[in-house]
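Visitor: mind looking at a prediction? Sequence and model below.
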Amino acid sequence: MKQLTKFTLLAALAGLAHGPAMAQGRLLLLDQGEYVCALPGDASGAAWVEQEGRDFAITGGSSYRTVRGAGTYLMEGKQVTFTRGPMRGTKMMRLGSGLLQEVGRDGKLGRLRCHRVGPTSG
């Protein structure tokens, strides 16, 4: 009987330790540094067309800054959602280390891509 009680208690504790974290997904952080955003070009011109005013920097923790101000983001798995500041409501998908692609309101990947170009300046 004692052994059954120990087993039940251990199972309950294990469920508490893993339940909420698994349900909400794993929170992560983006690589710190400057990110440049661009749209794909075409065969007759540049391969990428940088989008003025779309660049940002990941400054530490879950914070970012742009020329228009600073804010915060939330990253769950590969999904990045900018929650405060000038990019509030923007969603991106992390494709790889230092590479993000914008997610449209319809949930589909858009054309805009942002890539990390180096450490933050200033």
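Guide: Received, thanks. Numbering: from 1, shown residues only.

Visitor: do I have it right that Ile58 meets Gln32?
Guide: Yes - checked against CB atoms under 8 Å, the pair Ile58 and Gln32 is within contact range at 5.0 Å. Every residue, glycine included, has its C-beta placed from N, CA and C.

Visitor: mind listing the shared neighbours of those two?
Guide: Contact with both Ile58 and Gln32 is made by residues Thr120, according to CB atoms under 8 Å, 6 or more residues apart in numbering.

Visitor: these two: who's more crowded?
Guide: Ile58 (22 against 15; other CB atoms under 10 Å).

Visitor: list the helices and strands the helix or strand hosting that one packs on?
Guide: For Ile58, the host element (DSSP states H and E) is strand 56-60. For strand 56-60, the packing partners by 3 or more CB pairs under 8 Å, 6 or more residues apart in numbering; DSSP states H and E come out as strand 33-40, strand 63-66.

Visitor: contact partners for the most centrally placed residue in the chain?
Guide: The residue at the geometric middle of the chain, judged as the C-alpha nearest the mean C-alpha position with CA atoms, centre = their mean, is Val80 (2.9 Å). For Val80, the contacting residues are Leu30, Tyr73, Leu74, Lys91, Met92, Met93, Arg94, Leu100, by CB under 8 Å, 6+ apart.

Visitor: partner residues bridging it?
Guide: Met75, Met92 (DSSP bridges).

Visitor: about what we covered before: please compute how far the strand holding Ile58 lies from its chain's middle.
Guide: With CA atoms, centre = their mean, to the nearest Å as the basis, the distance from the averaged C-alpha position of strand 56-60 to the chain average is 11 Å.

Visitor: measure Glu76 to Thr83 for me?
Guide: Separation of Glu76 from Thr83 (CB to CB, to the nearest Å): 11 Å.
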